Structures are given as C-alpha cells and as structure tokens.
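1. give the three-dimensional model of this entry:
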Amino acid sequence: MTHDEGTTSAISRRNLLQAGAVGGLLLGSGGMLAACGSGTPAPGTSATGAHAGKPKHGGRLRVGLSGGTSTDTMDAQLLTNFLDQARLLQLYNAPVELDNNSQLKLSLAEELTPNSTATEWVMRVRPDVTFHNGKSLTADDIIFSFQRIMNPKSPKFGAAQLSLLDWRHLKKLDNRTVKFPFTSPYSAFLQLLADYNYFIVPVGYDPKHPIGTGPFRYKSFTPGQQSVFVRNENYWEDGLPYVDEVVIIDFADETSQVNALISGQVDAIDSLSAASISSLTSQGQKAVISKSGNSVPFTMRVDVPPLNDVRVRQALRYLVDRKQMLQIVFGGYGLIGNDLFSINDPDFDHNIPQREQDIPRAKSLLRQAGQSNLTLQLTTAGIAPGAVQASEVFAQQAKAAGVTMNVRQATPTDLFGPNFLKWSFAQDNWAPTYFLTQVGEGQVPGAPFNESHFDNPQFNKLYREALATVDPAKQRQIAYEMQVIYWNEGGYIIPFFTPFIDAHSPKLHGVVPSEQVPLSNFGFKTFWFA
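-> Predicted coordinates:
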C-alpha cells in the first residue's frame with residue numbers, strides 16, 4: 001500500500017457504501033436512496049450552491065490542493081492520495097459512486113443486480129456514455145477494466161478486496177451487460193464498486209495517454225506541481241461540467257494555500273485547520289466545514305506486549321477526553337468518536353455506550369494487567385490535518401493515569417514505509433468507509449491494511465456470515481454483534497472524526513459540504529462562477 005507523503009494521507013482505502021439490502025436488489029436510474037444532510041457550515045461560513053442563482057458555463061477553475069508528490073499518477077486504478085483522487089475524478093467514472101451525503105448512486109452502471117445468493121452479479125452500463133476519444137462504453141471495457149485490476153502480474157490496489165471474484169470468467173451477456181461470478185457469496189460487491197480503485201477505462205488503456213468517461217479531458221500533468229484538464233463537451237451528465245478548464249495546483253503547506261486564495265492566485269483550497277477559518281473569512285473568503293466520517297485512529301497491535309492484553313487496550317481508551325481533544329485540535333468542529341469506524345454506515349450501532357474519559361477505571365485496568373507505570377512510544381506523522389496535535393494531546397491526557405507516552409514524529413514516508421504494519425502503537429488515516437468494507441480491508445487475517453493485527457475468531461466468523469447473507473435485517477444484526485466485539489477488544493482508539501475545512505472565493509459557487517472527501521467530493525464539474 002502506498003500513502004501520500006505530504007500533509008494528507010492516502011485515499012486508496014476509499015470510502016465505500018455498505019448497501020445492506022442486496023437480496024433481489026435492482027438499482028436503476030429511478031431507484032436511488034434518499035439523501036440526507038451531510039455537514040453544517042460554521043458561524044461566519046457558508047456553502048454556496050442552491051441559492052446562488054442559475055449555474056453558468058465558462059471560466060477557468062484554479063484549485064490549490066495539499067499533499068502532492070513527484071510519484072503522483074494519472075493511472076485510473078493506482079491512486080494513492082487526495083491529489084491523485086482529485087485528478088482522477090475529473091477524468092474517470094466508476095460504476096457506482098457515493099454522493100456528498102454518503103448515499104449510493106449509480107454512475108456508469110445503469111443496473112446492478114445480484115442473484116439470490118450473491119454469488120453472481122449482473123451489471124448493465126448506460127447506453128449514452130462515450131470515452132474522451134469518442135468510443136462508446138461497452139461491456140468489453142468493463143471486463144477489460146476489472147481484468148486489468150486483477151492481473152496477477154501487475155495487480156492494482158482494488159485487487160485485494162476482490163479476491164472472491166472469479167475474474168477470469170467474467171461473461172459478456174450483450175454489448176452493455178456483464179456477469180460477475182464469485183467463488184463464494186459476496187454481498188458487499190455493491191459497496192465496493194463505489195470505491196475509487198474501480199474507475200472504468202477503455203480496452204487497450206494506456207495511463208501515459210489517459211482516456212476516461214469523466215467530465216474533463218486530459219491536457220497536461222507535472223507530478224507534484226500542476227495538472228490541467230479541459231471541458232468534455234460530450235460528457236454524459238446533462239449540462240455538466242460548467243467550467244471550461246480546471247487547473248489543480250499542488251501546495252506544500254497550508255499557509256501557502258491560504259495566501260494563494262486571499263491573493264486571488266487560486267479559487268478554492270482544501271484540508272485546512274480550524275485556525276485558518278477566521279483569517280480567511282475576515283478577508284471575504286468563504287469557508288465550508290463538513291462533518292465527515294474520516295478517522296485518524298490510534299492503532300494498537302493486539303499481538304505484542306503490552307497491548308496484547310485487552311485490559312491495557314481498554315485502559316488506553318479510557319484515558320482520552322474526546323471533547324477536549326476535538327476542541328484543541330479542531331476547535332470543536334467534527335464528530336465525537338467511540339472507537340468504532342464507519343459512523344456514516346446505516347448499520348453503525350449508535351446504541352453502544354459512548355466511552356468517556358475515566359481515569360480511575362483506566363488505573364484499575366492497568367493495575368490488573370500489571371502495567372501501573374506503563375510507558376509507550378506513540379509513532380505519528382503529518383498524515384492528516386490534526387494528526388500530530390492529537391497525539392500530543394493524548395500524551396498529555398495519559399499523564400493523569402501515570403502513563404508515559406513518548407510521541408515520536410516520523411515522516412509520512414517513514415510511517416507508511418516498510419514498518420507500516422509493524423508499529424506497536426501508531427496512527428493511520430482512513431477515509432470514510434462502511435463497516436464491512438473496512439473490516440475486509442483492515443480488521444481480519446489477510447486484510448491488506450490490518451495495522452493492529454486484529455484476529456478474533458468470533459469476529460472473523462461473523463464477518464463471513466455477513467458477506468454470505470442477503471437478508472438486510474440479518475446483516476445488520478451481524479454487524480451490530482461485530483461492533484460490540486470490536487468496541488470491547490479491537491485495536492483502534494478513535495477519539496473523533498475529522499472535519500473537512502475547505503475555502504473558496506466568493507465568486508465561486510457550487511461548493512457544498514461533503515461527508516466523503518474535501519471540496520464537495522472534488523466535484524469540480526458542479527462548480528461555477530457568478
């Protein structure tokens with residue numbers, strides 16, 4: 001796995017939607033789930049869009065983003081960070097996508113249907129989609145895209161999650177329809193297709209000459225510096241995009257981003273700290289704050305001492321004053337966490353008691369474990385806004401129970417390098433995912449990103465049952481059981497979910513809160529100038 005080496009972490013574990021109801025499911029253009037509110041602008045901030053008048057076409061959009069590196073890519077199926085994601089979303093589409101409110105929405109897929117046991121899925125693509133070179137999207141392109149991802153000689157990031165797909169036997173049913181066979185039931189396929197590891201490319205795709213179905217066409221790309229895209233006049237979503245050109249400019253730090261926006265060098269910036277809000281709004285810029293499901297968990301390896309003792313892991317969770325930490329790090333913006341990921345999942349169990357700071361209980365658990373004078377090294381890095389500061393706050397809070405946390409600040413390259421899965425006590429950054437998807441990516445044996453080495457037999461058994469069931473009510477109950485196990489025994493401490501703080505020029509419209517990723521899910525196709 002590759003992570004961003006700037007201030008923002010990788011997005012290869014992109015948020016996916018847990019569909020739940022898959023038995024007999026047919027998702028068509030009229031079968032969308034209802035949307036709900038995603039984020040609330042802070043006092044003195046705004047989200048522009050619905051009340052700004054009729055969108056206009058034209059203009060050149062300049063976006064200043066953080067975290068680019070010289071290893072950035074245009075390969076549709078190898079994105080590693082927010083900058084890659086921002087670029088690829090302009091060029092490509094996936095079969096399914098998540099909107100700003102974490103709702104599932106069919107994109108290139110017109111229909112997606114499982115059989116009664118979820119051992120086969122049938123995808124039918126839209127009839128009106130063309131690639132940037134004028135070629136129509138067909139079943140052949142779908143098959144080519146997935147076989148390119150799964151090619152064992154050069155597997156792409158999405159291959160691990162599709163280990164149950166019998167990819168060699170994808171079957172073309174007609175020019176727009178493909179059958180996906182699985183070696184065992186896989187009810188999570190629907191949610192997986194919303195991942196940005198599954199962009200669709202044409203047969204014979206060459207990433208050096210990127211061609212997709214997205215709202216913008218490729219013009220130029222200099223890794224770590226700048227990328228330019230021009231309007232796709234034949235884009236399949238009516239009326240979109242609005243602007244004629246998008247220029248994505250890489251910035252090394254937040255101060256440079258803020259100064260660029262205030263001085264008019266760019267029209268929008270992303271992934272800011274709460275400290276930048278007042279300086280931007282006082283200069284007439286607009287800030288948009290989203291209550292996201294993004295988490296930066298403290299990761300505890302459950303297979304090495306002293307963290308292999310569940311009492312020690314529980315004690316560390318009781319050391320955290322979550323509200324205080326969120327206030328210090330993000331000015332109170334964001335959502336309080338309860339050591340469980342996937343807060344946006346419809347199957348997230350909000351009835352599990354909220355864990356609060358309890359120093360006497362933490363001390364008691366440590367005494368029982370023979371660790372009353374516990375000393376730990378906590379490895380952190382600037383992998384996301386607030387990550388390092390949260391570690392420092394945690395170390396201060398731990399002193400109340402006599403626990404010494406020595407915070408070691410590594411570089412993102414170090415943290416996510418060869419030792420990524422070896423740190424005893426560290427941090428990671430997970431974009432919003434849904435529960436079963438993140439379990440498959442990081443909480444069971446064989447998962448590619450199991451930083452805590454979590455391996456609970458009952459939890460593993462329930463996970464297999466959840467994938468095999470097509471009954472949404474049963475699947476939810478299984479997910480609830482799994483969450484209780486993880487809340488008690490898991491390897492994560494999640495004090496809060498980080499907010500997305502973005503800003504833009506008052507001349508720019510269409511920027512709305514998003515639970516998923518910054519700047520309206522990098523939805524530049526809907527941005528427009530007054």
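
2. leaving out chain neighbours, which residue sits closest to residue 225?
-> For residue 225, ignoring the flanking residues on the chain, the nearest one in space by Cβ to Cβ, 6 or more residues apart in numbering is residue 250 at 5.6 Å. C-beta coordinates here come from the backbone N, C-alpha and C atoms, glycine included.

3. count the residues that sit near the one you found.
-> 21 (other Cβ atoms under 10 Å).

4. can you tell me the SS state at it?
-> strand (DSSP: H, G, I helix; E, B strand; the rest coil).

5. so for it, what's the pLDDT?
-> Per-residue pLDDT puts residue 250 at 93.

6. could you do residue 450 as well?
-> 94.

7. neighbours of the nearest residue to it once chain neighbours are set aside, just the number please.
-> Distance criterion Cβ to Cβ, 6+ apart; nearest residue to residue 450, sequence neighbours excluded, is residue 442 at 5.2 Å. Residues lying near residue 442 (other Cβ under 10 Å) number 23.

8. how far away is residue 442 from residue 425?
-> Counting by Cβ to Cβ, to the nearest Å, the separation of residue 442 from residue 425 is 16 Å.

9. cool, residue 447 as well?
-> For residue 447, the distance to residue 425 - Cβ to Cβ - is 19 Å.

10. who has more neighbours out of these two?
-> More crowded of residue 447 and residue 425, by other Cβ under 10 Å: residue 425, with 23 against 19.

11. low-confidence ranges, this structure, go.
-> 1-52 (pLDDT under 70).

12. which helix runs longest in it?
-> helix 472-489 (DSSP state H).

13. quick one: residue 482 and residue 439 touch, right?
-> Yes. With contacts counted by Cβ atoms under 8 Å, residue 482 reaches residue 439, the gap being 7.1 Å.

14. re the thing from before, so what's the residue nearest to residue 225 up against?
-> 65-68, 72, 83, 224-226 (Cβ atoms under 8 Å, 6 or more residues apart in numbering).

15. out of those, flag the one nearest to residue 511.
-> Among the contacts of residue 250, residue 65 lies closest to residue 511 (Cβ to Cβ), at 13.8 Å.

16. quick check: neighbours shared by residue 482 and residue 439?
-> Common neighbours of residue 482 and residue 439 are listed as residue 463 (criterion: Cβ under 8 Å, 6+ apart).

17. what comes up buried for whichever strand or helix holds residue 398?
-> Per DSSP states H and E, residue 398 falls inside helix 387-398. By neighbour count on 16 or more other Cβ atoms under 10 Å, the buried set for helix 387-398 is 387-395, 397-398.

18. mind putting those residues in CSV, distance to residue 268 included?
-> Supplementary listing: the buried residues of helix 387-398 in CSV, determined by distance: Cβ to Cβ, whole Å:
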residue, distance to residue 268
387, 23
388, 25
389, 25
390, 26
391, 29
392, 30
393, 30
394, 32
395, 35
397, 35
398, 38
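
19. now residue 528, nearest residue through space, not along the chain?
-> residue 242 (3.8 Å).

20. I figured that neighbour hits residue 57, correct?
-> Yes. Residue 242 is within contact range of residue 57, at 5.2 Å (criterion: Cβ under 8 Å).

21. overlap in contacts of the two?
-> residue 528.

22. and those two? Which one has more around it.
-> More crowded of residue 242 and residue 57, by other Cβ under 10 Å: residue 242, with 21 against 13.

23. what's the distance between the more buried one and residue 91?
-> From residue 242 to residue 91 the distance is 17 Å (Cβ to Cβ).

24. what number of residues lie near residue 149?
-> Residue 149: 24 surrounding residues under other Cβ under 10 Å.

25. contacts for the helix or strand it falls within, please.
-> Element membership for residue 149 (DSSP H and E) is helix 139-150. Residues outside helix 139-150 that contact it (Cβ under 8 Å, 6+ apart): 77, 95, 123, 125, 131, 155-156, 158-159, 162, 165, 167-168, 170, 172-178, 180, 197-205.

26. next up, the contacts around the residue lying closest to residue 518 once chain neighbours are set aside.
-> Of all residues not flanking residue 518 in the chain, residue 270 sits nearest, at 3.8 Å (Cβ to Cβ, 6+ apart). By Cβ under 8 Å, 6+ apart, the contact set of residue 270 is 63-66, 82, 257, 500, 502, 518-519.

27. hmm, try it at 7 Å
-> Contacts for residue 270 (Cβ atoms under 7 Å, 6 or more residues apart in numbering) come out as 65-66, 502, 518-519.

28. about what we covered before: just the buried members of the contacts of helix 139-150?
-> 77, 95, 123, 125, 131, 156, 158-159, 162, 165, 167, 170, 176-178, 180, 197-202, 205.

29. now, the residues you listed that are in helices?
-> Short answer: those have none in helices (DSSP H).
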